[in-house]
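Novice: have a look; sequence and predicted model below, questions after that.
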Amino acid sequence: MPQRQIDREIAALFEEYRALREEVTQRVASRMQMIGFAGVVSALLAASDRIAPSGPALYIALLVLVLALLWLRGFNRAIQRIGRHLRDVEGRINALAAQAWGTPDALLTWETRAQDSRMRVRGLPGRVGRLGGWYLP
């Protein structure tokens with residue numbers, strides 16, 4: 001493949017990489033807002049002076065928390081799917097850079113290293129993380 005074509009392909013892949021990283025950043029910020037919102041709603045309902053097992057406030061607070069946890073799991077899994085694609089893009093860019101420029105070291109490693117770090121978590125934190133969608137192979 002001619003050098004000029006490889007450079008254009010690398011540039012296009014870098015743009016995709018940048019856009020995907022922005023998407024992850026926005027999703028993480030959105031996730032934190034949702035966690036805060038669910039926590040505030042649940043705390044307000046639980047702190048209500050009319051809370052009783054026979055009243056709806058306790059059950060609504062629990063329902064809000066359960067729905068927030070399910071939403072969070074799905075959101076985490078979506079972020080991990082983007083991360084999986086980011087790792088593929090990193091690999092493609094690194095291979096093209098090695099071919100075009102003779103670069104012995106990988107140019108992009110952030111997502112690959114982050115996932116490797118997440119997958120090394122063992123024990124209860126690792127199981128909770130996998131259940132919560134924080135870790136996807």
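Specialist: Received it, and whenever you're ready, just let me know what you need. Just so it is clear, the structure is predicted and the values come from calculations on it, not from any experiment.

Novice: from residue 42, how far out is the most centrally placed residue in the chain?
Specialist: Centroid check for the chain by Cα atoms, centre = their mean gives residue 79 as the closest residue, at 3.1 Å. For residue 79, the distance to residue 42 (Cβ to Cβ, to the nearest Å) stands at 23 Å. Just so you know, the C-beta spots here come from the backbone N, C-alpha and C atoms, and that holds for glycine as well.

Novice: next: residue 29.
Specialist: 21 Å.

Novice: what of residue 13?
Specialist: From residue 13 to residue 42 the distance is 43 Å (Cβ to Cβ).

Novice: name the nearest residue to residue 77, ignoring sequence neighbours.
Specialist: Spatial nearest neighbour of residue 77, excluding adjacent residues (Cβ to Cβ, 6 or more residues apart in numbering): residue 133 at 3.9 Å.

Novice: by contact count, what packs against the helix or strand where residue 79 lies?
Specialist: Using DSSP states H and E, residue 79 sits in helix 56-101. Here helix 56-101 touches helix 3-46, helix 110-119, going by 3 or more Cβ pairs under 8 Å, 6 or more residues apart in numbering; DSSP states H and E.
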